[in-house]
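**Q** Build the 3D model from these lines:
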Amino acid sequence: MHGKPGFIWTLEHLSKEGVVTEVQHNLMPLEGLNHWIDALLGKTPQQAQWHIGLFSGDYTPVPGDAAQTFPVQATEFTGYEGATRLTFAASAASGGEANNHAKVAEFTFTTPGTIYGGFLASAAGKGATSGVLLSAVRFAVPKPKEVGDILRLKVALGLESDD
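**A** Numbering: from 1, shown residues only. Now for the predicted structure:
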């Protein structure tokens, strides 16, 4: 049996114009895939928490992306409420998936900007260049944001069987 691990990102953009929803499949960088396998096999400690961030650079994630360089390459966006990246509050796995649908990550913008995508990393600090980059996704179209706009991100991790 072969499988394909991955994340599905569902974003909801709430603004004065209404709500726009988009669903995207991610890229799991090699750094994230290696961590996932090593943690599963007990070769490295599991991360206690994962954190969701946003990027505002016109950047397309690639397999070689890593937590040490991604925030700069992709231009991490930090103009939202809170001192840190938002916590990915994952559910217990069920049906081959774990997700944050019970506690959706909600970004409230404090500065205007254009959001090109999101990412999931082990480090909590905005702009942090340590830890592990587990997932990165570029949205279908850039999302211009104004102060007060809200972006909700539902993130689901699953393993798809080819059989």
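
**Q** any idea which helix or strand carries the closest residue to residue 39 other than its chain neighbours?
**A** Nearest residue to residue 39, sequence neighbours excluded (Cβ to Cβ, 6 or more residues apart in numbering): residue 46, at 4.6 Å. C-beta coordinates here come from the backbone N, C-alpha and C atoms, glycine included. Per DSSP states H and E: residue 46 is located in neither a helix nor a strand.

**Q** wait, residue 69 sits on residue 130?
**A** No: using Cβ atoms under 8 Å, residue 69 makes no contact with residue 130, being 11.2 Å away.

**Q** tell me the contacts of residue 130?
**A** Residues in contact with residue 130 (Cβ atoms under 8 Å, 6 or more residues apart in numbering) are 67, 68, 123.

**Q** which SS state does the first one fall under?
**A** To tie it back to what came earlier, the one meant is residue 67. Counting by DSSP: H, G, I helix; E, B strand; the rest coil, the backbone at residue 67 sits in coil.

**Q** just use 541 as the starting number from now, easier for me
**A** Let's use 541 as the start, then, which means that last one is residue 607.

**Q** Tell me the pLDDT of it.
**A** We have a pLDDT of 97 for residue 607.

**Q** Tell me both backbone torsions, phi and psi, for the residue nearest to residue 579.
**A** Residue 586 has phi and psi values of phi -70, psi 150 when expressed as degrees, to the nearest 10.

**Q** cool, the one 3 residues further on as well?
**A** Backbone geometry at residue 589, expressed as degrees, to the nearest 10, gives phi -140, psi 150.

**Q** How about it: what's its closest non-neighbour residue?
**A** residue 627 (5.8 Å).

**Q** Show the end-to-end separation of stretch 557-573, please.
**A** Stretch 557-573 has its terminal residues 38 Å apart, counting by Cα to Cα, to the nearest Å.

**Q** Residues in contact with that stretch: which ones?
**A** 545-553, 576, 601-607, 660, 672-680.

**Q** Buried residues, stretch 607-620. List them.
**A** For stretch 607-620, the neighbour count (16 or more other Cβ atoms under 10 Å) marks 607, 610, 611, 614, 615, 616, 617, 618, 619, 620 as buried.
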